[in-house]
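Novice: Let me see the structure of the following:
(2 chains)
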Amino acid sequence: AQSVTQLDSQVPVFEEAPVELRCNYSSSVSVYLFWYVQYPNQGLQLLLKYLSGSTLVKGINGFEAEFNKSQTSFHLRKPSVHISDTAEYFCAVAPGYSSASKIIFGSGTRLSIRP
Amino acid sequence: EAGVTQFPSHSVIEKGQTVTLRCDPISGHDNLYWYRRVMGKEIKFLLHFVKESKQDESGMPNNRFLAERTGGTYSTLKVQPAELEDSGVYFCASRGQSSYEQYFGPGTRLTVT
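Specialist: Next up, the predicted model:
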């Protein structure tokens, strides 16, 4: 079985400051890793994904994440945030042996940007 | 290409009533998933259809929940009778056969009073 832990439920940062949203997972099998974002009053949108290959993954809106197998982490980073990045961010995993697998989500991190 | 759509966007019902949620996947997507997020907790998997067949329904909480996907197109999720703890946001997602990405709809916010 897989599980995901998002260590921070809320992260307040100032505009143009860097941000890191932390995510750790546990799994007995290889996994696919995802970050989803939910902007206010909208659905979930895929920000980026790691399936295989390079451990540094770049996504939309200037976000990137690094897969660290030894630390079982997949932290999300952005060097300079904007007001428009205000949203809730979800880290998620799926077993890597099947593309049909259900996604297992973390509890979410609310990112609030202060001007 | 139209995305995943869900109807209604918001439903408020009383305990004991019945509610039916609808999901229209992206055209051509055989895989359809239902997820639920209850009050600030994590988003949890409910079930997975491949075309009209239930591939995995391990996340369905109890027999008050009934999901269908007749004809392998849109899907409905019925809650009967609704209980207070059923309140939350119900998400639908669809996926194409050769893709790993699930595309999510905007969700239906269900409030049971």
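Novice: Could you list the paired strands of the host helix or strand of A:Glu66 along with their orientation?
Specialist: Using DSSP states H and E, A:Glu66 maps to strand A:64-68. If you go by DSSP bridges, strand A:64-68 pairs up with strand A:56-58 (antiparallel), strand A:73-78 (antiparallel).
Novice: Mean confidence (pLDDT) on the longest one, please.
Specialist: Model confidence over strand A:73-78, given as mean pLDDT, is 97.
Novice: Kindly report the same for the shortest one.
Specialist: In this model, strand A:56-58 has a mean pLDDT of 95.
Novice: now what about it, what contacts it?
Specialist: Here strand A:56-58 makes contact (CB atoms under 8 Å, 6 or more residues apart in numbering or on different chains) with A:Leu48, A:Lys49, A:Tyr50, A:Glu64, A:Ala65, A:Glu66, A:Phe67. Placement of C-beta: from N, CA and C, glycine included.
Novice: about what we covered before: got JSON lines for the strands paired with strand A:64-68, with distance to B:Tyr103 and mean neighbour count too?
Specialist: Below are those laid out as JSON lines (distance: least, CB to CB, whole Å; neighbours: other CB atoms under 10 Å in any protein chain shown):
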{"stretch": "strand A:56-58", "distance to B:Tyr103": "19", "mean neighbour count": "14"}
{"stretch": "strand A:73-78", "distance to B:Tyr103": "20", "mean neighbour count": "21"}
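Novice: what does chain B put close to chain A?
Specialist: Residues of chain B found near chain A (CB under 8 Å from any CB of the partner chain) are B:3-4, B:31, B:33, B:35, B:40-45, B:48, B:50, B:55-56, B:59, B:91, B:93, B:95, B:99-107.
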